[in-house]
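> Below is the structure, and that's it, no one-letter string:
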């Protein structure tokens, strides 16, 4: 039985919900939908980005709309054009089986007269950005004097973007007896002021704690010297072969500069900031949604309203000026119940900000070290091996195989595998052998109550195991599986890093024989588990845990093959292996996204 049936929704909505594949309502939907259906009331709903707020207000709103009456009955305000269009599309999908319901999007950058014409033809629901809505009211192109519902979505973001006066003016134009539904991730003073001035005894719904971060996002920070910030970003990307991320910078200038460096160094990246035209912005977002871009470098303002599924990492290349903004950044990952990771790159002088963020989001950070070159090489090597194993063979190659067999006939199976993998591996190992450790001095005892493992990594063994996220493990579940299987204590297994087809973990050296003997004798769903001692120790510093004693994190994402991103050198251009160029791959270079002026090297398939 679909659990949405228990919330009081009508048959038309339930049919649309079934089509969309929704089965279990999220917490904010479970709390908000019955309440909004039962009575006409004002509510303040506090829930993180990505928790299903659009459906939480969209379903009850559609059910309460009079489809036979064409006048405007509901206004939904959202912070950006992107989010405005997204909400409009979702409302249309929810209401597709209800004849006569019309939803119109109103936003800047498009024809105001055409939008006014659509509304005049009859729009029970208008989804608008505050600036364009105020403009239409001033010109007399829209009438909201009789609306029954006003929804403020992402209210804190709208106010952070400077829309306070517009929102106040719009609410003042609307009737006093309407129902106002305010949805927000955080509750800053300006949001509280709006609720006090324009809402009548609002009921409050809170998912988690006020201003808290999402429970599906893990938080980690890396301390580096200021001059190494960009190199650290590249190493973190290389250490996560399947990364699909948003990288945040403070300014438009830094955003553009970092994106251009990444593109030059062979990464699939693009910039998103306020100096882009709407056409350029749309082009960037289309490429990002299609995963042609794996590292979207953005300012906070430009990234507001972005709702892209399966973002694996948010990278804070620079922390925001306003610490509260961190919550919005990290909300871009770990959406719809999926796990995500928020990474912060800081210098020693910025470490104090980590504690401030921890207090706001009510979650703890794990301090980690920038991966060593050898560790990155090993991760990339196993990633390549898994990609080769899983690749679908295009049988167009069959006609070429006899000639290829002839070329390879004197090679043994072992020699062939070594040579094939070495084509990619040699470039990385030659680069990273020359490069220094990037990790700056540890944050030390900065954090009250922080715990450390009793042994340094020098007395620990790191292992490679051939199970990962494709086997439905994240770092927590894999740690529990290993602990229960091996009969070890919680703190005996640490530095658990889960990739798609493999993982790494550490134990104290005294457990090495037991780990190898026990796990190598096991099968998981018919597949033999293979465990080997890894050559790297998982980081050059002693092991660290967060306040909860956690020893690892969940990795995931979308990156290229082993050679998919080859860093160019710490002083860019100094002999590091490069991503396949047109000359090396047999394909010509192609132009990058419309927001960039330089040529991008082709992506590996």
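Thanks, I have it. Just so you know, these numbers come straight off a predicted model, no measurement behind them.

> Please make it C-alpha for all contacts and neighbour counts, starting now.
Fine.

> Check the secondary structure at residue 227 for me.
Following DSSP: H, G, I helix; E, B strand; the rest coil, we place residue 227 in the helix state.

> count of residues packed around residue 394?
Neighbourhood size, residue 394 [other CA atoms under 10 Å]: 7.

> So what does it look like in phi/psi?
phi -90, psi 120 (degrees, to the nearest 10).

> List the contacts of it.
If you count contacts by CA atoms under 8 Å, 6 or more residues apart in numbering, residue 394 has none.

> Which of the three states applies to the residue of the chain positioned farthest from its centre?
In the chain, residue 410 marks the outermost C-alpha relative to the chain mean, sitting 47.4 Å out by CA atoms, centre = their mean. Classification of residue 410 using three-state DSSP returns coil.

> Let me see the backbone angles for it.
Main-chain dihedrals, residue 410, degrees, to the nearest 10: phi -90, psi 0.

> pLDDT weak spots in the chain?
Low-confidence segments of the chain (pLDDT under 70): 1-2, 49-50, 208-214, 305, 336-337, 434, 436-437, 439-458, 536-605.

> distance of the residue farthest from the centre of the chain from residue 400?
Separation of residue 410 from residue 400 (CA to CA, to the nearest Å) stands at 18 Å.

> Okay, buried residues for the helix or strand hosting residue 133 please.
Using DSSP states H and E, residue 133 sits in helix 130-138. Buried residues in helix 130-138, defined by neighbour count with 16 or more other CA atoms under 10 Å: 130-134, 136.

> now stretch 109-124
Across stretch 109-124, burial judged by 16+ other CA under 10 Å covers 112, 115-116, 118-119, 122-124.

> which one among these gets closest to residue 387?
The shortest gap between residue 387 and any of those belongs to residue 115, at 48.2 Å (CA to CA).

> Excluding covalently adjacent residues, which one is nearest to that closest one?
Spatially, and ignoring its direct neighbours in sequence, residue 115 is nearest to residue 106 (6.3 Å; CA to CA, 6 or more residues apart in numbering).

> give the contact list for the one you found.
84, 112, 115, 126-129, 132-133.

> need those in a markdown table with distance to residue 392, can you?
What follows is those, written out as a markdown table (distance: CA to CA, whole Å):
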| residue | distance to residue 392 |
| --- | --- |
| 84 | 39 |
| 112 | 49 |
| 115 | 47 |
| 126 | 46 |
| 127 | 44 |
| 128 | 45 |
| 129 | 45 |
| 132 | 49 |
| 133 | 50 |
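
> Of all pairs in those residues, which one spans the longest distance?
Longest span within those, CA to CA: 84 and 112, 14.9 Å.

> Show me what counts as buried in the longest helix along the chain.
Secondary structure assigned by DSSP state H gives helix 413-433 as the longest helix of the chain. Neighbour counts over helix 413-433 (16+ other CA under 10 Å) mark 421, 424-425, 427-429, 431-432 as buried.

> packing partners for that helix?
In terms of contacts (3 or more CA pairs under 8 Å, 6 or more residues apart in numbering; DSSP states H and E), helix 413-433 is packed against helix 373-390.

> returning to that earlier point: in helices, which of the buried residues of stretch 109-124 fall?
112, 115-116, 118-119.

> Closest one to residue 476 out of those, please.
Nearest to residue 476 among these: residue 115, at 49.4 Å, using CA to CA.

> For that closest one, give me its contacts.
104-106 are the contacts of residue 115 under CA under 8 Å, 6+ apart.

> Mind putting those into CSV with distance to residue 252?
CSV is the format used below for those (distance: CA to CA, whole Å):
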residue, distance to residue 252
104, 32
105, 28
106, 26
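
> Which single one of the residues you listed is nearest to residue 475?
Set against residue 475, the nearest of the contacts of residue 115 by CA to CA is residue 105 (41.6 Å).

> Tell me if I'm right that that closest one and residue 126 touch.
Yes - contact criterion CA atoms under 8 Å: residue 105 and residue 126 qualify, at 6.0 Å.

> Which one of the two is surrounded by more residues?
residue 126 (24 against 21).

> Could you list everything the more buried one pairs with in the sheet?
Beta-bridge pairing for residue 126 (DSSP bridges): residue 75, residue 104.

> From residue 154, how far out is it?
Using CA to CA, we find residue 126 at a distance of 16 Å from residue 154.

> number of nearby residues for residue 411?
For residue 411, the neighbour count with other CA under 10 Å is 12.

> What of residue 72?
Considering only other CA under 10 Å, residue 72 is surrounded by 25 other residues.

> That one contacts residue 146, doesn't it?
Yes - contact criterion CA under 8 Å: residue 72 and residue 146 qualify, at 7.4 Å.

> Now do the residue lying closest to residue 64 once chain neighbours are set aside against residue 295, distance only.
Spatial nearest neighbour of residue 64, chain neighbours left out: residue 37 (7.6 Å); criterion: CA to CA, 6+ apart. Residue 37 sits at a distance of 41 Å from residue 295 (criterion: CA to CA).

> Same drill for these two, tell me which one is more crowded.
Neighbours were counted for residue 37 and for residue 295 using other CA under 10 Å; residue 295 has more, 28 against 18.

> if we can go back for a sec, wait, the residue nearest to residue 64 sits on residue 8?
Yes - contact criterion CA under 8 Å: residue 37 and residue 8 qualify, at 7.4 Å.

> just curious, which of the ones in helices among the buried residues of stretch 109-124 is nearest to residue 529?
Minimum separation from residue 529 among those (CA to CA) is found for residue 115, which lies at 59.6 Å.

> From residue 8, how far off is the closest one?
Shown here: residue 115 relative to residue 8, a distance of 34 Å by CA to CA.

> for the stretch 151-300 of the chain, what spans make up the strands?
179-184, 203-206, 217-223, 245-248, 269-272, 295-298 (DSSP state E, counting those that start in this stretch).

> closest to residue 262 out of those strands?
Smallest distance to residue 262 across those (CA to CA): 6.3 Å, for strand 269-272.

> Can you list the neighbours in contact with the closest one?
Contacts of strand 269-272 with the rest of the structure, by CA under 8 Å, 6+ apart, involve 255-256, 259-260, 262-263, 281, 284, 293-299, 302-303, 593, 595-596.

> so residue 310, which of the three states?
What three-state DSSP gives for residue 310 is coil.

> Which residues are in contact with residue 76?
125-128, 150-153.

> and what of residue 133?
Contacts of residue 133 (CA under 8 Å, 6+ apart): 106-107, 170.

> for residue 40, same thing?
By CA under 8 Å, 6+ apart, the contact set of residue 40 is residue 179.

> That one and residue 147, how far apart?
In terms of CA to CA, residue 40 sits 13 Å off from residue 147.

> Kindly indicate which of the contacts of residue 115 lies nearest residue 533.
Closest to residue 533, out of all of the contacts of residue 115 and judged by CA to CA, is residue 105, at 57.0 Å.
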